[in-house]
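**Q** Below is the sequence, then the predicted model.
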Amino acid sequence: MKKTTQLKKMLLEKKTLVVPGAYDTLSAMLIEKAGFKAIQVSGFGLAASYLGKPDVGLLTQTEMITLTKNIANAVDIPVMGDGDTGFGNAINAIRATREFEDTGCAGMNIEDQVFPKKCGHMEGKQIISLEEMVLKIEAVCDARRDPDFVINARTDAISVVGLDEAIKRGKAYAKAGADLIFVEAPKTKEEIKRVVSEIDAPVSINLFDGVKGGKTPLMSIEELRELGVARVSIPVGTVFAVVRGVSNYLEALAKEGIIPDRYDLVIPFEEFKELVGLPKIKELERRYLPKEIYQERYKER
């Protein structure tokens, strides 16, 4: 089954598909290893890891596509790309759709913020008109070559003009052809309940897991499942976790110097080699290099 079809099927089941965010290929591989069924490429995470900048629309389309392709090629589970605003108007969004399809992604986000956008949990957001966004969604739906390529239409209307407008937009975006409606930053459980019950399409909710500062209240996956949420994305947890982990390691290194066997801070080298597939590389060398070269390289006879 195609990855696009896999992802679409899981969303239509409305069983609250949990999708952590990947900020690079290594984090994507760890997400897959942990047993999750799909990945969301985090524009927030890419901006932080690639540029060391906040998520305020600084990544170019070319950068986003290149980094996303690396992630999609590193795992065997469906990956959804972050198309931001489509990097411009509907014409730009058409190209972005084709480019994301070419990366091997199973779908992409497209949002109704004014370009340049901001992280959905930051202040200072603005949104384009309902008419312009509907036409943009129609454009990207027409542009996709695989009908199962998931279009995840995001609205940031709650923070700008309120819940009623967000629901109105969610309905219109679904009618325009979006497969999934991502309503950003609902402030209460009741708002989530309204969004899910009033929009006739699978709904995605975004959570800042384990950290203060997000606009949406942290709820259990089971609570979200009971509300009928089709997908919950947790886009920034991985990048926040790696910042904490690396900071803890560097603090210990600066204070105590080299510390052997601190597996609370680092993983063993053998485990890391397994993670990045070094044993598979050796097996390929054994299979495809001349025997004498392989034996000399590994001192095997």
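**A** Nice, I can see it. Residues are numbered from 1 along each chain as shown.
**Q** Any buried residues in the biggest helix by length in the chain, and which?
**A** Counting by DSSP state H, the longest helix found in the chain is helix 237-256. Going by neighbour count (16 or more other C-beta atoms under 10 Å), the buried part of helix 237-256 is 237-240, 242, 252. To be clear about C-beta, it is placed using only N, CA and C from the backbone, and glycine gets the same treatment.
**Q** Specify the next element, helix or strand, located C-terminal of it.
**A** Sequence-wise, the next helix or strand downstream of helix 237-256 (DSSP states H and E) is helix 269-275.
**Q** Need the residues that contact that next one.
**A** Applying C-beta atoms under 8 Å, 6 or more residues apart in numbering, the contact partners of helix 269-275 are 26, 29-30, 33, 267, 279.
**Q** and with 10 Å instead?
**A** Applying C-beta atoms under 10 Å, 6 or more residues apart in numbering, the external contacts of helix 269-275 come out as 26, 29-30, 33, 263, 266-268, 278-282.
**Q** ok, residue 256 touching residue 250?
**A** No: checked against C-beta atoms under 10 Å, the pair residue 256 and residue 250 is beyond contact range at 11.3 Å.
**Q** The protein: strands as residue ranges?
**A** Listed in chain order, the strands of the chain (DSSP state E) span 17-22, 39-41, 79-82, 107-111, 150-155, 180-183, 203-206, 231-234.
**Q** Now render those strands as JSON lines, adding distance to residue 120 and mean pLDDT.
**A** JSON lines is the format used below for the strands of the chain (distance: least, C-beta to C-beta, whole Å; pLDDT from 0 to 100):
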{"stretch": "strand 17-22", "distance to residue 120": "12", "mean pLDDT": "98"}
{"stretch": "strand 39-41", "distance to residue 120": "13", "mean pLDDT": "98"}
{"stretch": "strand 79-82", "distance to residue 120": "11", "mean pLDDT": "98"}
{"stretch": "strand 107-111", "distance to residue 120": "8", "mean pLDDT": "98"}
{"stretch": "strand 150-155", "distance to residue 120": "8", "mean pLDDT": "98"}
{"stretch": "strand 180-183", "distance to residue 120": "9", "mean pLDDT": "98"}
{"stretch": "strand 203-206", "distance to residue 120": "6", "mean pLDDT": "96"}
{"stretch": "strand 231-234", "distance to residue 120": "10", "mean pLDDT": "96"}
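**Q** how about CSV for those, with mean neighbour count added?
**A** Below are those laid out as CSV (neighbours: other C-beta atoms under 10 Å):
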stretch, mean neighbour count
strand 17-22, 25
strand 39-41, 28
strand 79-82, 29
strand 107-111, 27
strand 150-155, 27
strand 180-183, 26
strand 203-206, 25
strand 231-234, 23
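**Q** so which of those strands gets nearest residue 60?
**A** Among these, the nearest to residue 60 by C-beta to C-beta is strand 79-82 (12.9 Å).
**Q** Tell me which strands that closest one pairs with, and in which orientation.
**A** According to DSSP bridges, strand 79-82 forms sheet pairs with strand 39-41 (parallel), strand 107-111 (parallel).
**Q** Would you mind putting these into TSV with distance to residue 295 alongside?
**A** Below are those laid out as TSV (distance: least, C-beta to C-beta, whole Å):
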stretch	distance to residue 295
strand 39-41	40
strand 107-111	47
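**Q** looking at those strands, which is closest to residue 137?
**A** strand 107-111 (6.7 Å).
**Q** circling back: elements contacting the longest helix of the chain?
**A** strand 17-22, helix 25-33, helix 43-46 (3 or more C-beta pairs under 10 Å, 6 or more residues apart in numbering; DSSP states H and E).
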